Each structure stands twice: as C-alpha cells, then as structure tokens.
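Asker: Fold the stuff below for me.
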Amino acid sequence: MSIGKVDLNLLKVFDAVFEERNLVLAGRRLHLSQSAVSHALSRLREVVGDELFVRTGRGMVPTGGALRMAPALRDALRRIESTLDVAPFSPRASQRQFVIAANDHVTAVLVAPLARKLQRAAPGVDLVIRPSTRLDLAEQIDLGRIDLAIGIFSQVPPRMSARTLLSQGEAILMRKDHPASRGRLTLTALARHPLVTISVGGQEEGAVDGFILERGLARQSEMFDRGALHEALGGQGVQPRVRVTVPHSLAIPALLRDSDMLSIVPASLARALTRGDSGLVMRQPPYPSAVATTRAVWHSRHDHDAAHTWLRETVAEVALAAGRPGAAKT
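Answerer: You can find the predicted model right below:
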C-alpha cells in the first residue's frame, strides 16, 4: 500500500477513537461531528482491510489489527506533531493537560507541591493523576495515555526513558506517646511491637522480591525493605509481626494514633506525615536498610518534546526540594 493513498487526517481519527473509545468524544476532540468520525473510520477500514473497531456496550473496542497498529502509528503522529511544533513552549500560555501516574505517597510528597508550582508558573496547565499501582501501567505509557510515571522501578525497558528524582532511606513512624518513642529506637523495642506495612501487590499479583514486572517495567509493590527487617530481627531470634497491611500510605496516621503499632515508610513520607500537629513522630531504623531511588519514567518518543521536557524539569525541581530533610525530629 502506497502512503500516497492514505489521507493522514484519517490517522488522527484513528488515534482519537483509539484513546477515547467513543465516537462522540473523539469528534469533540477533533472538532468533528459523530457522522464525520464514522465516515473517516469507514474510509480507513477500506484502506487497511481491517474492521479496526467493534461497537459494544463498553464503547468502540479495538480489533487485534488496531492493537497491532496503534503503538507505531501513534508514535509516528507524536513525532510529526513534535517536528511541526516549531514555536517555543510557553508554560504561562499553555493550556496543555498532563497525565501523571503516581501512588498516594508520591501524590502527597511531590504532586501537591508540583500543583502549587504550576498555579504560579503555568496557570493554564492541568494535571490528571492516575494510580501507578494499576497492572497495565506499562501499556498505558506505551499507548500515550500516561505522560509520566513516578515511582520506584527496578527495571525500565529500552523503549522508555527514566530520570532519578530522589534517593532516600526509610523511617519508622509511631504515635507521639508510644513506649518506643523515648530516645533512639532499638531492635528490642522494634521486635516488641507489631507493624503496619504498605503493599500494593503480593505474590498473588506476581510480585517477586517486592516488585511486579509487566511489559519490561518492574514497579515497586512493597514500600519497605522486608529483607533487611527480617535479617535484623532474625539476629534477635524473632520474626516481625505484620498486623495490618494496607494499599494506601495515607491510611497510616489513623492506624497508628490509637495503637502501639509501628510503620516502616519512605523517609520523605515520614517527614510529610509528621509535619504540624500530626500526633506522630519518626525515628531512624535500628538497622541498615536499602536506599530506594524514586524515578520518573516516560516513553522515549517524548524525549525531545518541549512541553514534556519542561514538565520533567519542573517535577525534578520539586523532587529536589522534597528530598531535603525537614524539621521533623528524628
């Protein structure tokens, strides 16, 4: 098939329908009527010899042929758009929407100050936060539905780029009048009290050594160094008692305030949760634990996109400030 036979506007229609899964929404995005979108799809179906989308109760579902076409086709469109967009990116004048994948810890520590920064520097830019714990995170990045994923990744596939945002150790949270809050925390005190831990996926979801691998991207499933904890307490002849496991870090304060439980969390989260009159204090772990590196991950097709580059730089600035130790007592 010659490219000269293809109206490139049809590819824009394919791109919109593939993302929206709805003819009306795709039409609004392209400023076309539903009938115009439907007609364009019919023309494209004739060209490629595939149905492309099937109408169901869940919307327009892509066929196997459409799923095979989509990554390369949408990547090509983004590259064309980036090439033709010769005007410099202006944050203050931009009306762009960015989609960021992050868990609630990252949202509290990084996205909240990022939103405040955007309010001043880019008032027309909107953020949409998606959960980074979803099992199809890599696919969403591939399809262009997520601009930036922020988290701890042990493996990033070659088709994606990554940037280190901050490296941090762990801290242990407890209520202010906890028996173990007097002075430095010891292994004996740690062994005496049950734990609240954060896990967004276990072995039943395919987690191995605290990470879930999908499509070449390995994301963190446990927010603490389980191996270091077991080794430290094992030397005391005891095993840690995990009383409560939760998928959301922001549930930790409510669980700790009226109990003698402890919680092992990333240091930046501990600083955020002990600010003000939180009723919580943080202590250093009485054993050496791994330093975890939080990274931003994106599809490499965005490497030279001016707006995307600006977003990454802005996120990095916010992360640098978030990584600095605060005034919380340790």
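
Asker: could you pull out the helices for the stretch 101-250 of the chain?
Answerer: 104-106, 112-121, 137-142, 187-192, 226-234 (DSSP state H, counting those that start in this stretch).

Asker: Tell me which of these lies nearest to Glu20.
Answerer: Set against Glu20 and scored by CB to CB, the helices of the stretch 101-250 of the chain come closest in helix 137-142, at 14.4 Å. For every residue, glycine as well, the C-beta is placed using N, CA and C.

Asker: Mean neighbour count, the helices of the stretch 101-250 of the chain: which tops it?
Answerer: helix 104-106 (a mean of 24; mean count of other CB atoms under 10 Å).

Asker: who's in contact with that one?
Answerer: 132, 150-151, 198, 223, 248-250, 265-266, 268-269, 294 (CB atoms under 8 Å, 6 or more residues apart in numbering).

Asker: and if we set it to 10 Å?
Answerer: For helix 104-106, the external contacting residues (CB atoms under 10 Å, 6 or more residues apart in numbering) are 100, 111-112, 114, 129, 131-133, 149-152, 165, 198, 200, 223, 247-252, 265-266, 268-269, 272-273, 294, 296, 319, 322.

Asker: Quick check: buried residues in whichever helix in the chain runs longest?
Answerer: Using DSSP state H, we find that the single longest helix of the chain is helix 64-84. Of the residues in helix 64-84, Ala66, Met69, Ala70, Pro71, Arg74, Asp75, Leu77, Arg78, Ser82 count as buried by neighbour count, 16 or more other CB atoms under 10 Å.

Asker: Can you tell me which of those is closest to Phe211?
Answerer: Nearest to Phe211 among the buried residues of helix 64-84, with distances taken as CB to CB, is Pro71, at 24.0 Å.

Asker: Pull up the gap between that closest one and Asp15, please.
Answerer: 11 Å (CB to CB, to the nearest Å).

Asker: so what sits against both of these two?
Answerer: Gly144.

Asker: quick revisit: which other helices and strands contact the longest helix of the chain?
Answerer: helix 8-20, helix 34-48, strand 59-62, helix 137-142, strand 292-299, helix 306-322 (3 or more CB pairs under 10 Å, 6 or more residues apart in numbering; DSSP states H and E).

Asker: Can you list the buried residues in the third one?
Answerer: Right, the one you point to is strand 59-62. Met60, Pro62.

Asker: For it, which outside residues touch it?
Answerer: Residues from elsewhere that reach strand 59-62, judged by CB under 10 Å, 6+ apart: 14, 17-18, 20-26, 37, 41, 50-55, 66-70.

Asker: Just the buried residues of those residues.
Answerer: 14, 17-18, 20, 22-23, 25-26, 37, 41, 50, 52-53, 66, 69-70.
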